[in-house]
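>>> need a 3D model of the following:
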Amino acid sequence: MLTTEAPARVSNARFARFAWIVVAYNLAVILWGAVVRATGSGAGCGNHWPLCGGELSPAFATLATVIEFAHRATSGILTVMVVGLLVWAFRAFPSGHPARLGAVLSTVFLVTEAIIGAALVVLDRVGRNQTAPWLSTHLVNTLTLAACLALTAWWGMGKPAVRPTWRMAATLGAVMLLSVTGAIAALADTLYPATSLSAGLAQDFAPGAHLFVRLRGLHPVMAAGVAVWLLVFAADALRVHRRLAMAVMGLTAAQLAAGLLNMLLLAPLWLQITHLLIADGLWVALVLLCAAGSGDGDRGARV
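Sure thing, here's the model as predicted:
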């Protein structure tokens, strides 16, 4: 007897594959955004949005314009992909399915991402005019969007929704806070580059140093503490979710190594992007580990 179960499974598998493509593409957009920041190209289109320099197709007179316009173009493609994901989720899954929720939240945070990005440009909060509150808000929204897209793909694979615990929430919150300090440190490296490691340390503790420079030294200290906790958190899940736990542990170690090398080499652009790529991969792996249920330690109080 023919049933609808097999076609439904095939359709859901295709949805999950597309969702993972969207996740990967979103990470590429994030990396290109880092290139915009590291090259000081945030004002490449002036204070116009969504037009570039007041034109639909700018003259590309400067490299900064090319870099910023490319970021806007890739973000526009992401918008089309996320809207497609939303429509597909509502066609492929029944009411109440978590994949629908993930797609809705992804769309919501994509909209807020666009609003924040537009505000940064129109209000000239780019480059040296960027402030910690704007930078933090933008990054938190970016990470939340990445998490929602990853969860959409995860749930689209048929994985059950797991109620979060306080332990999971605290772990994700700690990594998000660490990411904010990392973004501030990266911006400080761009705006106030050091000629040597000793000169950079002198900058960090110099009287009257910019807030971003003073916060730069906080990031490696905080990274060490969060890394230890992540290793403990993932180790607790090894027996239940070995692959995800190993991914979190491996990426944590790689991130520490990249961060140390980034500091010793005075943050070259290629290493900043590598550092961010590992950080994004770690974030997604951690979100999925939490979505799967991180292990025996999570049998306690739930949110």
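
>>> give me the helix or strand of this protein that scores worst on average pLDDT.
helix 197-204 (a mean of 79; mean pLDDT, DSSP states H and E).

>>> may I ask which helix or strand encompasses T195?
Using DSSP states H and E, T195 maps to neither a helix nor a strand.

>>> tally of neighbours for the residue nearest to it when sequence neighbours are not counted?
Leaving aside its sequence neighbours, T195 sits nearest to L266 (CB to CB, 6 or more residues apart in numbering; 7.8 Å). Bear in mind the C-beta positions are built from the backbone N, C-alpha and C, glycine included. For L266, the tally of surrounding residues (other CB atoms under 10 Å) stands at 15.

>>> got the contact list for L266?
Each residue near L266 by CB atoms under 8 Å, 6 or more residues apart in numbering is listed here: D189, P193, A194, T195, S196, L197, G200.

>>> before we move on, what's the pLDDT of L218?
If you check L218, the pLDDT there is 88.

>>> who's in contact with the closest residue in space to it that isn't next to it in sequence?
In space, and not counting its chain neighbours, L218 is closest to T181: 5.5 Å by CB to CB, 6+ apart. When contacts are counted by CB under 8 Å, 6+ apart, T181 touches L215, L218, H219, M222.

>>> most surrounded residue in these?
H219 leads the contacts of T181 on contacts (other CB under 10 Å) with 21 neighbours.

>>> and the helix or strand containing it, C-alpha only, in PDB?
According to DSSP H and E, H219 maps onto helix 218-235. Extracted in PDB, the C-alpha atoms of helix 218-235 (Å, rounded to 0.1, in the frame of the first residue of the first chain):
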ATOM      1  CA  LEU A 218      39.900  41.300  28.900                       C
ATOM      2  CA  HIS A 219      39.200  39.100  26.000                       C
ATOM      3  CA  PRO A 220      42.100  36.500  26.300                       C
ATOM      4  CA  VAL A 221      41.600  36.200  30.100                       C
ATOM      5  CA  MET A 222      37.900  35.600  29.700                       C
ATOM      6  CA  ALA A 223      38.600  33.200  26.700                       C
ATOM      7  CA  ALA A 224      40.700  31.000  29.000                       C
ATOM      8  CA  GLY A 225      38.000  30.700  31.600                       C
ATOM      9  CA  VAL A 226      35.200  30.100  29.200                       C
ATOM     10  CA  ALA A 227      37.300  27.500  27.300                       C
ATOM     11  CA  VAL A 228      37.800  25.500  30.500                       C
ATOM     12  CA  TRP A 229      34.000  25.500  31.200                       C
ATOM     13  CA  LEU A 230      33.200  24.500  27.600                       C
ATOM     14  CA  LEU A 231      35.600  21.500  27.900                       C
ATOM     15  CA  VAL A 232      33.800  20.500  31.100                       C
ATOM     16  CA  PHE A 233      30.400  21.100  29.600                       C
ATOM     17  CA  ALA A 234      31.200  19.000  26.500                       C
ATOM     18  CA  ALA A 235      32.900  16.200  28.400                       C
END
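
>>> and the residue nearest the centre of this structure?
L143 (3.8 Å; CA atoms, centre = their mean).

>>> distance of that one from L261?
23 Å (CB to CB, to the nearest Å).

>>> surely L27 is in a helix?
Yes - under DSSP: H, G, I helix; E, B strand; the rest coil, L27 sits within a helix.

>>> ok, it - contacts?
A146, L277, D280, G281, V284.

>>> filter these down to the buried ones.
A146, L277, D280, G281, V284 (16 or more other CB atoms under 10 Å).

>>> K159 sits in which helix or strand?
Counting by DSSP H and E, K159 is found in no helix or strand.

>>> hmm, who's touching stretch 213-223?
Contacts of stretch 213-223 (CB under 8 Å, 6+ apart): 132, 177-178, 181-182, 184-185, 188-189, 192, 200-201, 203-206, 255-256, 259-260, 263.

>>> what comes up buried for stretch 20-33?
Buried, per 16+ other CB under 10 Å, within stretch 20-33: W20, V22, V23, Y25, N26, L27, V29, I30, W32, G33.

>>> and it, C-alpha only, in CSV?
C-alpha atoms of stretch 20-33 as CSV (Å, rounded to 0.1, in the frame of the first residue of the first chain):
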residue,chain,number,x,y,z
TRP,A,20,22.2,23.7,6.2
ILE,A,21,23.2,25.5,3.0
VAL,A,22,21.5,28.6,4.4
VAL,A,23,23.5,28.1,7.7
ALA,A,24,26.8,27.9,5.8
TYR,A,25,25.9,30.9,3.6
ASN,A,26,25.0,32.9,6.6
LEU,A,27,28.4,32.2,8.2
ALA,A,28,30.0,33.4,4.9
VAL,A,29,28.1,36.6,5.2
ILE,A,30,29.3,37.0,8.7
LEU,A,31,32.9,36.5,7.7
TRP,A,32,32.5,39.1,4.9
GLY,A,33,31.1,41.5,7.5
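
>>> with that, I have no additional questions.
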